[in-house]
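>>> Coordinates for the following, if possible.
(2 chains)
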Amino acid sequence: MDLELYMERVEQYAQGTMPAADRAVFEAELTANPDLREALDLYRLGQEVIEQGVEAQLRSQLQGWAKSESETAAPTMTAGRVNTRALWIRLAAAASVLLILGWFSVQWAGERYSDEALFSAQYESPEAGTFRSGTAMENPLEPGFKALEDSRLQAAEDFFKNISPEQERFAEAQYYLGHAAMQLGHYTLAIDAFKSCIQRNEVKFKEKAEWNLLLTYVAAGQTNNPDFRNLLDTMRNDNGHSYQREATQLHKKLGSFWRGMMNDER
Amino acid sequence: MKKPDFTDEQLVDAISAGGPGRESALKAIYEDGDLKRMVAAFVRNHQGNATDGQDMFHEGMIVLDRNIREGKFRGEAPVKGYLYSICRFLWMNQLRKQAHTSSVAEMPLSNEPDTLTPEVTLVTEERKTVLNRLLQELGERCQQILELWKLSYSMEEIAVSLGFSSSDMARKAKYRCHVSLLEIIRKNPHVEQLLSN
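Next up, the predicted model:
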């Protein structure tokens, strides 16, 4: 069934914007055309899925409001009395504080802006629930998914490596090979796997693979690699890319003052 | 700065219309300290603690928002009274599920007069999990587009909010994302089960 054939009419019908005359025709067709019925069912289920996202968004908004309220309600610090000790003691104390602050700043920057920190903050290993798009019996990648699910990364890597380019789910296998290899620290293999997935140009995996390829470069400490820079620039300038926002944030962090300071210290 | 005062009618209109006005209306309801305290007190008097009270208030707000957008709230009671009833219903339902007490299933919602029974659609956790997974399979940007669209943001507002060059580009992206979502659902092994429930 070609969903796009029915999409416009189904949307009009479900949203209640279809003219009454067309509505009667549509309802008559519903009884005779199982594809149209299926399209309408899928559309309604789709609405339920989107609603879950709306609810999650509101839940997070409510938690934000609750947090702001509790912060506002917290007692504010009162100013302490001025210490009247000798000036040199205060200056010495101030110098010590500056030294300590400097040291902590470098540590703080290291914790947040190092390659490792940037990678850890951004990387999400694929959830078990998203692996499967067919029943376990019929999905040839099932043993690899199971290995990933059980955190047997080497077994997963070995399995996905053996899926040949002629096989139907090659792009998918390369995508998960990239994840397994990246988590094992086999960065060259991970980079090759994500690139290979991207080349297959499958909508479901391409943009996710591009983002994970960027993160692999970060994890591997290769943020000066021209391929990394080109891909990062392409993604952050592509308004239609699913990871444009993440790519923009990553670019910002890579160019931040704190990262610069951390690198100067090393 | 003085917060805008909303009448019940304005609250319902703003939430139903969606778009940016919905958030202001929800915030106005959220900031009603008396209502929050009432919900917290009810939960505390029925085996809950302060965190449970806050959680119930949040979940009640989510149901209220959905019911208003879907036209299930018919204005037969004040909005805040309706929200209070939803929160009580949700908490008692949770107690029943957790079976904290053997007699809770037979308990009335409360001793206070109950002027209305809120229409609350309870989605099982299993179904929510599957629906959320389906949503996660879609890229984050597609999720944002479809969520804004569901909240009745215009294509112009979506374009501005998500950085599309025009409303036409936003419309095309919305269409592409919507078809992708339905394809993801269709290919999911649980689709038959989801459709039959």
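
>>> can I see the domain layout of the chain?
In the absence of a named chain, this looks at chain A. A:3-58, A:121-265 (automatic domain parsing).

>>> hmm, I had chain B in mind actually
B:8-106, B:125-196.

>>> closest to chain A out of those domains?
The closest of the domains of chain B to chain A is domain B:125-196. By C-beta to the nearest C-beta, the value is 2.8 Å. From N, CA and C alone the C-beta is placed, and that goes for glycine too.

>>> and A:S125, which of the three is it?
coil (DSSP: H, G, I helix; E, B strand; the rest coil).

>>> Could you dump the domains of chain B into CSV with mean neighbour count added?
Output for the domains of chain B, formatted as CSV (neighbours: other C-beta atoms under 10 Å in any protein chain shown):
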stretch, mean neighbour count
domain B:8-106, 17
domain B:125-196, 18
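
>>> closest to A:Q12 out of these?
Distance to A:Q12, taken as C-beta to C-beta, is lowest for domain B:125-196 among the domains of chain B, at 13.3 Å.

>>> Turn the domains of chain B into CSV, columns for mean pLDDT.
Below are the domains of chain B laid out as CSV (pLDDT from 0 to 100):
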stretch, mean pLDDT
domain B:8-106, 88
domain B:125-196, 91
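
>>> In CSV, list these along with distance to A:S151.
Conversion of those to CSV gives the following (distance: least, C-beta to C-beta, whole Å):
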stretch, distance to A:S151
domain B:8-106, 32
domain B:125-196, 19
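
>>> ok so, going back, could the domains of chain A be laid out in TSV, adding distance to chain B, mean pLDDT and mean neighbour count?
Supplementary listing: the domains of chain A in TSV, determined by distance: least, C-beta to the nearest C-beta, whole Å; pLDDT from 0 to 100; neighbours: other C-beta atoms under 10 Å in any protein chain shown:
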stretch	distance to chain B	mean pLDDT	mean neighbour count
domain A:3-58	5	93	16
domain A:121-265	3	83	17
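
>>> excluding its backbone neighbours, what's nearest A:N239?
Nearest in space to A:N239, with sequence neighbours left out and distances taken as C-beta to C-beta, 6 or more residues apart in numbering or on different chains, is B:G163 at 5.2 Å.

>>> shouldn't B:V79 be in contact with B:T7?
No. The pair B:V79 / B:T7 is not scored as a contact, 9.4 Å apart, by C-beta atoms under 8 Å.

>>> show me the contacts for A:P126.
By C-beta atoms under 8 Å, 6 or more residues apart in numbering or on different chains, A:P126 lies in contact with A:148, A:176, A:179.

>>> switch to 7 Å and redo it
A:H179 (C-beta atoms under 7 Å, 6 or more residues apart in numbering or on different chains).

>>> Please determine how far it is located from B:R133.
11 Å (C-beta to C-beta, to the nearest Å).

>>> what do you get for B:A25?
Distance of B:A25 to B:R133, computed by C-beta to C-beta: 31 Å.

>>> same question, B:E157
Relative to B:R133, and taking C-beta to C-beta, B:E157 is found at 29 Å.

>>> Next: A:A219.
Taking C-beta to C-beta, one finds A:A219 at 26 Å from B:R133.

>>> Please apply the same query to A:Y187.
Counting by C-beta to C-beta, the gap between A:Y187 and B:R133 amounts to 29 Å.

>>> Next: A:N33.
For A:N33, the distance to B:R133 - C-beta to C-beta - is 30 Å.

>>> Equivalent analysis for B:G81, please.
Applying C-beta to C-beta to B:G81 and B:R133 gives a distance of 36 Å.

>>> List the contacts of the helix or strand A:A117 falls within.
Here A:A117 sits within helix A:115-122, counting by DSSP states H and E. Outside helix A:115-122, the residues that touch it by C-beta under 7 Å, 6+ apart are A:111, A:215, A:218-219, A:221, A:223, A:246, A:250, A:253.

>>> Now do the buried residues in it.
Going by neighbour count (16 or more other C-beta atoms under 10 Å in any protein chain shown), the buried part of helix A:115-122 is A:115, A:117-119, A:122.

>>> hey, C-alpha coordinates of that helix in CSV?
The C-alpha coordinates for helix A:115-122 follow below in CSV (Å, rounded to 0.1, in the frame of the first residue of the first chain):
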residue,chain,number,x,y,z
ASP,A,115,36.9,15.3,23.8
GLU,A,116,35.9,12.6,26.2
ALA,A,117,33.5,14.9,28.1
LEU,A,118,31.9,16.2,24.8
PHE,A,119,31.5,12.6,23.6
SER,A,120,30.0,11.3,26.9
ALA,A,121,27.6,14.2,27.1
GLN,A,122,26.3,13.6,23.5
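
>>> Quick check: which element contains residue 36?
Using chain A here. Judged by DSSP H and E, A:L36 forms part of helix A:34-73.

>>> wrong one, I was asking about chain B
According to DSSP H and E, B:K36 maps onto helix B:33-45.

>>> which helices and strands sit right next to that helix?
helix B:50-69, helix B:79-98 (3 or more C-beta pairs under 7 Å, 6 or more residues apart in numbering or on different chains; DSSP states H and E).

>>> A:Q63 versus the residue nearest to A:S242 when sequence neighbours are not counted, what's the distance?
Leaving aside its sequence neighbours, A:S242 sits nearest to B:G139 (C-beta to C-beta, 6+ apart; 2.8 Å). When distance is defined by C-beta to C-beta, B:G139 is 24 Å away from A:Q63.

>>> swap in A:A39?
37 Å.

>>> for A:G185, same thing?
Applying C-beta to C-beta to A:G185 and A:Q63 gives a distance of 35 Å.
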